[in-house]
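Q: fold the stuff below for me.
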Amino acid sequence: MRELFRPFLGLTIGDPAGIGPEIVAKTLTQEEVRVACRPLVIGEAGIMRRAIRLCHLDLPVRAIASPAEATGDPGVLEVLDLKNIDAASCPPGVLSPQCGRAAVEYLYKAIDLAMARELDGVVTAPINKEAMVQAGFKYEGHTELFAQRTGTKDYAMMLVVGRMRVIHVSAHASLRSACEKVKRGRILTTIRLAHKALRDVGSRKKRIAVAGLNPHAGEGGLFGREEIDEIAPAIEAARAEGLEASGPYSPDTLFYRLKGGEFDAVVAMYHDQGHIPLKLIGFDRGVNVTVGLPIIRTSVDHGTALDIAGTGTANPRSMVEAILLAGKFAQGHRKAASFTAPRPQK
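A: Coordinates of the predicted model:
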């Protein structure tokens, strides 16, 4: 009987003072997670022991020095221990640059291991952007850090809630600059990335709807010309490549149609246009995916929640969903590799 493939996933704990360690600990007690993957926590063993105590869990921690030492024992939380911060120096709920530095170091380690093919994918707990900046790192967020570390030029943020998927032409940018990024070349690239993501996750259909930027998708130029000059030409170019793209659609009705199953993904023009409807529908189940990277990366779609860190009350569902989705991507990549691998010579 063929053994079931369980991807080896690295789980970064995020900001040590946030809820990341707690949701990681809770997640690894879930049977569905243990069945779906072989998890390796990347962080600091002392921080994880504290999180387990705060959450009143019965889960021993085993610190290891390399992924090769991981056993996959479901009754043990295995931590690739970077030993880069003392738990006593970063109490839960307190913003600090040392926590921002530690969080970035966890990410660097996870990315490098995935690039070296020692991990099948990376799932990230939340970082605190203010703490990261205080530590001297100027990334706008996880997405930009992953892109720079992997040398990726064309990438995008996709938000997933169940079968609803929204990919963004721009993400962490001011609204003024986001409007300036609505250009046909970038929109076409985002449509291509949406198609690739649907393919990689195993979606049978790949119907991609493109939102307008302006109210009523510009109303024929009455409320703006971006739809006429930039968005529609990008859609036509995508269709000429054989992609099932359509639009531009009025943003105020498009997400209702996505929820009804009319489309498989939506291309949103900016961060809040895509995030608000999906967070309204499934705040606790949202998953953030960075599309276009040479590695798999999914994440929770919430922040460090410093106000409740240390209480043990954080909901781990988004982390569970992020791990399950990373597993689906890994399965898709493995299947694609089996189709493209050279056949042995007779």
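
Q: check contacts around the closest residue to residue 305 other than its chain neighbours.
A: In space, and not counting its chain neighbours, residue 305 is closest to residue 19: 4.7 Å by C-beta to C-beta, 6 or more residues apart in numbering. Any C-beta I mention is one placed from the backbone N, CA and C, and that applies to glycine too. By C-beta atoms under 8 Å, 6 or more residues apart in numbering, the contact list for residue 19 reads 125, 126, 304, 305, 308, 309, 314.

Q: how many residues are close by the nearest residue to residue 216 once chain neighbours are set aside?
A: Of all residues not flanking residue 216 in the chain, residue 250 sits nearest, at 5.0 Å (C-beta to C-beta, 6+ apart). Neighbourhood size, residue 250 [other C-beta atoms under 10 Å]: 17.

Q: cool, and residue 32?
A: 12.

Q: okay, it: pLDDT?
A: Residue 32 is assigned 94 on the pLDDT scale.

Q: and it, what element?
A: In the assignment (DSSP states H and E), residue 32 maps to helix 31-36.

Q: got the residue ranges for the strands in the stretch 51-200 of the chain?
A: Here the stretch 51-200 of the chain has its strands, by DSSP state E, counting those that start in this stretch, at 61-64, 77-81, 121-124, 156-161, 164-168.

Q: now do the stretch 201-346 of the chain
A: 208-211, 245-249, 265-268, 287-291, 297-300.

Q: can I get the CA coordinates of the first one in CSV?
A: Included here for strand 208-211 are C-alpha records, laid out as CSV according to Å, rounded to 0.1, in the frame of the first residue of the first chain:
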residue,chain,number,x,y,z
ILE,A,208,-11.1,34.7,-12.5
ALA,A,209,-13.2,37.8,-12.0
VAL,A,210,-11.5,41.2,-12.0
ALA,A,211,-12.9,44.0,-9.9
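
Q: adjacent strands (with direction) for that strand?
A: Here strand 208-211 has these sheet partners by DSSP bridges: strand 245-249 (parallel), strand 265-268 (parallel).

Q: to residue 292, which of the strands of the stretch 51-200 of the chain lies closest?
A: strand 156-161 (6.1 Å; C-beta to C-beta).

Q: can you pull out the low-pLDDT segments for the stretch 1-150 of the chain?
A: 1-3 (pLDDT under 70).

Q: that older thread, export the strands paired with strand 208-211 to CSV and tack on mean pLDDT, distance to residue 175 and mean neighbour count?
A: Shown next, in CSV, are the strands paired with strand 208-211 (pLDDT from 0 to 100; distance: least, C-beta to C-beta, whole Å; neighbours: other C-beta atoms under 10 Å):
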stretch, mean pLDDT, distance to residue 175, mean neighbour count
strand 245-249, 98, 18, 22
strand 265-268, 98, 13, 30
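
Q: ok, which of those comes nearest residue 29?
A: Closest among the strands paired with strand 208-211, using C-beta to C-beta: strand 265-268, at 32.3 Å.

Q: any chance you could list what contacts that closest one?
A: Everything outside strand 265-268 that qualifies as a contact, by C-beta under 8 Å, 6+ apart, is 158, 165-169, 187, 190-191, 194, 197-198, 206-211, 245, 247, 251, 254-255, 258, 274.
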